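In: Mind looking at a prediction? Sequence and model below.
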Amino acid sequence: MSEVIVLTGSPGVGKTTVTDKALESTEKTYQMVNYGDKMLEVAKDQGLVEDRDQMRKLEPSQQKNLQKKAGEEISKMAEEKPVIVDTHSTIKTPRGYLPGMPEWVLKPLNPDLIIVIEADPQEIISRRKKDQEERERDLETEEDLAEHQSMNRSAAMAYSVFTGATVKIIQNHDGKLEEAAQKLSRVFDEG
Ligand SMILES: Nc1ncnc2c1ncn2[C@@H]1O[C@H](COP(=O)(O)OP(=O)(O)OP(=O)(O)O)[C@@H](O)[C@H]1O
């Protein structure tokens, strides 16, 4: 079994941008997989849905099964080549935070490394504003974002207790994209 790396960060923090840049200079090659996309693929294969929107409306038990199956599929992929899984450490809902990796996801996935990409709340807000036309994102204040990032860190550490994965925090500040990408590519190559 090769490596499973979990990549997390609040929406709009720049996860995709930093990772794409970091992968340009890594020695190893990785398969990138988005957890939500994998769930959708499994749901389509099972004839449960035709698009992403229908997935949210499935019974909670069906969603749980899809999450579990997606985790199993990803760990199968990792038998061939290291995998980077793009997912969320926590998900903010109107009734509170949900773990992005509950036990039935964490167990099959069994990550070796969890990466948390962070930026200042104000930086995240302006990045979200910039992308507003292309993406519909939640409106969060600086205070909300500070809390969300703090929950993401705490959840990452809790996942590490169950898996032994290490947790690496990478800061992606404005104008420091190159620096963040270099730090990340070093982390990728160290494994
Ligand atoms: N260091 C940086 N400095 C300035 N802008 C940045 C930096 N990193 C990313 N951005 C910008 O922030 C925006 C969000 O980036 P990106 O789409 O990579 O976020 P994300 O975390 O992958 O979001 P999601 O999880 O919702 O897909 C983009 O417009 C990107 O160009």
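Out: Sure, I can see it.
In: Quickly note the distance from the residue of the chain positioned farthest from its centre to Glu59.
Out: Within the chain, the residue lying farthest from the chain centre (Cα atoms, centre = their mean) is Gly47, at 25.6 Å. From Gly47 across to Glu59, the span is 15 Å (Cβ to Cβ, to the nearest Å). Every C-beta, even on glycine, is put in place using the N, C-alpha and C of the backbone.
In: do the same with Ser10
Out: 28 Å.
In: More neighbours: which of these two?
Out: Ser10 (26 against 9; other Cβ atoms under 10 Å).
In: Around the ligand, pick out the residues from the protein.
Out: Proximity of the chain to the ligand (Cβ under 6 Å from any ligand atom) is limited to residues 9, 11-17, 127, 130-131, 172, 174-177.
In: Quick one, which of those are buried?
Out: Buried members of the residues of the chain next to the ligand, scored by 16 or more other Cβ atoms under 10 Å, are Gly9, Pro11, Gly12, Val13, Gly14, Lys15, Arg127, Asn172.
In: Excluding chain neighbours, what is closest to Thr166?
Out: Spatial nearest neighbour of Thr166, excluding adjacent residues (Cβ to Cβ, 6 or more residues apart in numbering): Leu113 at 5.5 Å.
In: Next, the contact list for that neighbour, please.
Out: Contact partners of Leu113, counting by Cβ atoms under 8 Å, 6 or more residues apart in numbering, are Glu3, Val4, Ile5, Val6, Ala165, Thr166, Val167, Lys168, Val187, Gly191.
In: what's the pLDDT at the last one?
Out: Just to be clear, that refers to Gly191. On the pLDDT scale, Gly191 is placed at 73.
In: In terms of helices and strands, where is Leu145?
Out: helix 142-163 (DSSP states H and E).
In: Give me the contacts around that helix.
Out: Contacts for helix 142-163 (Cβ under 8 Å, 6+ apart): 6, 8-10, 88-90, 92, 97, 99-101, 103, 106, 110-112, 114, 116, 118, 121-122, 124-125, 140, 165-167, 169.
In: Just the ones of the residues you listed in helices?
Out: Counting by DSSP state H, the contacts of helix 142-163 place Glu103, Leu106, Pro121, Gln122, Ile124, Ile125 in helices.
In: Dump these into JSON lines; add pLDDT and neighbour count as well.
Out: Shown next, in JSON lines, are the ones in helices among the contacts of helix 142-163 (pLDDT from 0 to 100; neighbours: other Cβ atoms under 10 Å):
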{"residue": "Glu103", "pLDDT": "95", "neighbour count": "10"}
{"residue": "Leu106", "pLDDT": "95", "neighbour count": "19"}
{"residue": "Pro121", "pLDDT": "98", "neighbour count": "18"}
{"residue": "Gln122", "pLDDT": "97", "neighbour count": "11"}
{"residue": "Ile124", "pLDDT": "96", "neighbour count": "25"}
{"residue": "Ile125", "pLDDT": "95", "neighbour count": "19"}
